[in-house]
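# model this:
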Amino acid sequence: MSRTARVSSIKEALLLPTIAVPVVVGEGGATLDEAIANSGIAIPSSLSSEWCRQQGLKRDVGSTVVLRSVTGPTIALISLGDDDQSTTNYRLVGASAVRAAGENSLAVLLPTEVMKDPAGVSQAIVEGALLASYNFKNHDTLSSVDVVPVGAPLPTVSVHDDVTRGVERGALVAEAVNWAKFLIDSPAGDMTPRNLASEIEERLGVDAHIEMEVWTESKIREERLGGLLGVGQGSAQPTRLVYATYDPEPGVSLPHVALVGKGVTFDSGGLSMKSPEGMMAMKTDMSGAAIVMAATSLASRLGLRVRISAIAPLTENTVGDKATKPGDVLTIRNGMTIEVLNTDAEGRLILADGLSLAAETSADAIIDVATLTGAQNVSLGDEVGALFASCDDLADQLLDASSRSGEALWRMPLVDGYESHFESDIADMKNMGKPPRAGSIIGALILRRFTAGKPWAHLDIAGPSRADGARGYTTKGATAFSVRTLVEYLSALAS
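You can find the predicted model right below:
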């Protein structure tokens, strides 16, 4: 399901089936904003601790009590906890409001007289609502989410403009994330490398200031991308690479970032085959590619003053008579050789080519996104992504962006001494270390060798890229985790 979002008035809100009211819940009960209490909406005059207990309204953020009316709109009282300024809390309020409304349109009342950041809060409500509305099987709907700024006195023109700006940005961000989620959730038989490239080309082709190329296998061979060709040579589906550039002001010196995303549209493990259970969710192994292209598209639609080089190597890792065999050696674009001892450690092989291309640009920083290692999931679980970075400044910028987006990252170490784990007797390196030791660190160290010493960060999102069940504003299935963090990072650079 996909919804639209807009700013509206109390008068318009009263015509909608559901009205969501955020309330601050403390020891003494729920605090109702004066402007909401006097808005003409039928809300209980007393929200004491006893009333809250009887109705089941808890201090937990997102806790909801639904008051149904025969003649008027349904009222959903939604707990903000004890913090009415937290954007994270307002995202959860937006998600709870959508669940209370079902498939109906809804309005969220937003008291603005004490609001420190009305634009950020409005954006958070819309993000939470639209992200929670995503439904792969039903992504066309006429439902809407209205944000209604209220206050006593009425909100100023400036505040109203801030709310409008926040709603518009939140809608753009959520739409881009949901687009990426749709690509990731699509069956691998439908979202082949060629079809994924077409989907990306269709979207980015209409975005302002973006130029893009789709490389076929002959072009990939000419460009000496031996890792990408090696992974894909066992599949009947032809390999592709998407190279997009966003430059809103040609000739002007702007911050320049290269984004590289892993795009394995299905990963059987190759000849080092996964178990049947291990393959079930492997259509999501192209999450990185969808994420960096969604972030690039969103940068254009937000008009960010940054330059982006976005690179997505796309392939399948399957079993065939031409499949790469354990012990084979592949030559990457930058001339380095990799002995492939585990064909299921394929992401680093295609990213090596992608990073080599990124290192040839004039980018000030390189960031790659990948569902790279099961070890990341073991160490950090499915709600926290692993951040590796070659310099503290870039790491700090991404952690700040992570905090603003609500997508948790944890910085992991790049242990130089572990490079001995992937020394090879016949090539520059092996594609694996010493299992089960430091798997995510080894993967990152291998990738670092292809960044030519530039400031670089690696987001290993194997765990949080997919949710086994809905939670908060995260829906079951693909999450497109890190799109919002990347856009927060790019927005900070642009400002």
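# how close does residue 241 get to residue 267?
Residue 241 sits 17 Å away from residue 267 when distances are taken as Cβ to Cβ, to the nearest Å. Every C-beta, even on glycine, is put in place using the N, C-alpha and C of the backbone.
# ugh, wrong one, I meant residue 72
52 Å.
# which residues of the stretch 251-400 of the chain fall in helices?
According to DSSP state H, counting those that start in this stretch, the stretch 251-400 of the chain carries its helices in the segments 276-279, 287-302, 347-359, 374-380, 392-405.
# closest to residue 33 out of the ones you listed?
In terms of Cβ to Cβ, the element of the helices of the stretch 251-400 of the chain nearest to residue 33 is helix 392-405, at 25.1 Å.
# what's the closest one packed up against?
Secondary-structure packing of helix 392-405 (3 or more Cβ pairs under 8 Å, 6 or more residues apart in numbering; DSSP states H and E): strand 365-370, strand 384-389, strand 408-411, strand 456-460, helix 483-494.
# for residue 164, find the nearest of the ones you listed.
helix 483-494 (17.8 Å).
# roughly how far apart are the closest residue to residue 334 other than its chain neighbours and residue 447?
Leaving aside its chain neighbours, residue 334 sits nearest to residue 356 (4.2 Å; criterion: Cβ to Cβ, 6 or more residues apart in numbering). Using Cβ to Cβ, one gets 11 Å for the distance from residue 356 to residue 447.
# next one: residue 149
Distance from residue 149 to residue 447, by Cβ to Cβ: 46 Å.
# can you check residue 310 too?
Computed as Cβ to Cβ, the residue 310 to residue 447 distance reads 17 Å.
# ok, those two, which is more surrounded?
residue 310 (28 against 24; other Cβ atoms under 10 Å).
# name the residues linked to the more buried one by a beta bridge.
Beta-bridge partners of residue 310, counted by DSSP bridges, are residue 244, residue 259.
# what distance do you get for it to residue 354?
10 Å.
# tell me, what's touching those two both at once?
Contact criterion Cβ atoms under 8 Å, 6 or more residues apart in numbering; residues shared by residue 310 and residue 354: 260-261.
# with neighbour numbers in mind, choose between residue 72 and residue 267.
residue 267 (27 against 13).
# coming back round to it: will you turn the helices of the stretch 251-400 of the chain into TSV that also has mean neighbour count and mean pLDDT?
Formatted as TSV, the helices of the stretch 251-400 of the chain follow (neighbours: other Cβ atoms under 10 Å; pLDDT from 0 to 100):
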stretch	mean neighbour count	mean pLDDT
helix 276-279	11	96
helix 287-302	28	98
helix 347-359	28	98
helix 374-380	20	96
helix 392-405	18	98
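# which residues touch the residue nearest to residue 336 when sequence neighbours are not counted?
Closest residue to residue 336 apart from its sequence neighbours, by Cβ to Cβ, 6+ apart: residue 428 at 4.6 Å. Residue 428 is in contact with 336-338, 449, counting by Cβ under 8 Å, 6+ apart.
# scan those and report the most crowded one.
Going by other Cβ under 10 Å, residue 338 tops those with 28 neighbours.
# OK, contacts around that one?
Residues counted as contacts of residue 338 (Cβ under 8 Å, 6+ apart) are 227, 329-330, 332, 349, 352, 424, 427-431, 446.
# centre of the chain to stretch 14-26, how far?
Relative to its chain's centre, stretch 14-26 lies at 28 Å (Cα atoms, centre = their mean, to the nearest Å).
# quick one: mean pLDDT for that stretch?
On average, the pLDDT along stretch 14-26 is 89.
# go on, stretch 111-123?
Mean pLDDT, computed over stretch 111-123, is 92.
# tell me which of the contacts of residue 338 is nearest to residue 407?
Of all those, residue 407 sits closest to residue 446, with 24.6 Å by Cβ to Cβ.
# isn't there a helix covering the closest one?
Yes: with DSSP: H, G, I helix; E, B strand; the rest coil as the criterion, residue 446 is part of a helix.
# right, and it touches residue 352 too?
Yes: using Cβ atoms under 8 Å, residue 446 is in contact with residue 352, at 7.4 Å.
# mind checking which of the contacts of residue 338 are buried?
Buried members of the contacts of residue 338, counted by 16 or more other Cβ atoms under 10 Å: 227, 329-330, 332, 349, 352, 427-431, 446.
# picking that back up, would JSON lines of the helices of the stretch 251-400 of the chain with distance to residue 193 be doable?
Formatted as JSON lines, the helices of the stretch 251-400 of the chain follow (distance: least, Cβ to Cβ, whole Å):
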{"stretch": "helix 276-279", "distance to residue 193": "18"}
{"stretch": "helix 287-302", "distance to residue 193": "9"}
{"stretch": "helix 347-359", "distance to residue 193": "11"}
{"stretch": "helix 374-380", "distance to residue 193": "23"}
{"stretch": "helix 392-405", "distance to residue 193": "28"}
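# and the ones you listed: which comes nearest residue 55?
Nearest to residue 55 among these is helix 392-405; the distance by Cβ to Cβ comes to 32.8 Å.
# how far does the closest one sit from the chain's center?
Mean-position distance between helix 392-405 and its chain equals 15 Å (Cα atoms, centre = their mean).
# just the contacts of residue 338 now: which is nearest residue 262?
When these are ranked by distance to residue 262 (Cβ to Cβ), residue 349 comes first, at 10.1 Å.
# just the helices from the stretch 101-250 of the chain, written as ranges.
118-133, 157-185, 193-204, 217-222, 226-232.
# which one of these lies nearest to residue 6?
Residue 6 lies closest to helix 157-185 among the helices of the stretch 101-250 of the chain, at 6.6 Å (Cβ to Cβ).
# buried ones in that closest one?
Of all the residues in helix 157-185, those buried under the rule 16+ other Cβ under 10 Å are 159-160, 162-185.
# what's the offset of it from the middle of its chain?
With Cα atoms, centre = their mean, you get 13 Å for helix 157-185.
# from the contact counts, what lies against it?
strand 4-7, helix 118-133, strand 144-150, helix 193-204, helix 287-302, strand 477-478, helix 483-494.
# to residue 274, which of the ones you listed lies closest?
helix 287-302 (16.8 Å).
# and after the worst-scoring helix or strand of the chain on mean pLDDT, which helix or strand comes next?
None of the helices or strands of the chain scores lower by mean pLDDT, DSSP states H and E than helix 34-37, at a mean of 73. Next in sequence after helix 34-37, counting helices and strands by DSSP states H and E, comes helix 49-55.
# just list what that following helix packs against, helices and strands only.
strand 29-31.
# what sits up against the strand it packs on?
Taking Cβ under 8 Å, 6+ apart as the rule, strand 29-31 contacts 23-25, 47-52, 57, 77, 79.
# quick one, which of these are buried?
Of those, these count as buried by 16+ other Cβ under 10 Å: 23-25, 47, 52, 57, 77, 79.
# so who does residue 259 touch?
Contact partners of residue 259, counting by Cβ under 8 Å, 6+ apart, are 292, 295-296, 308-311, 358, 367-369, 486.
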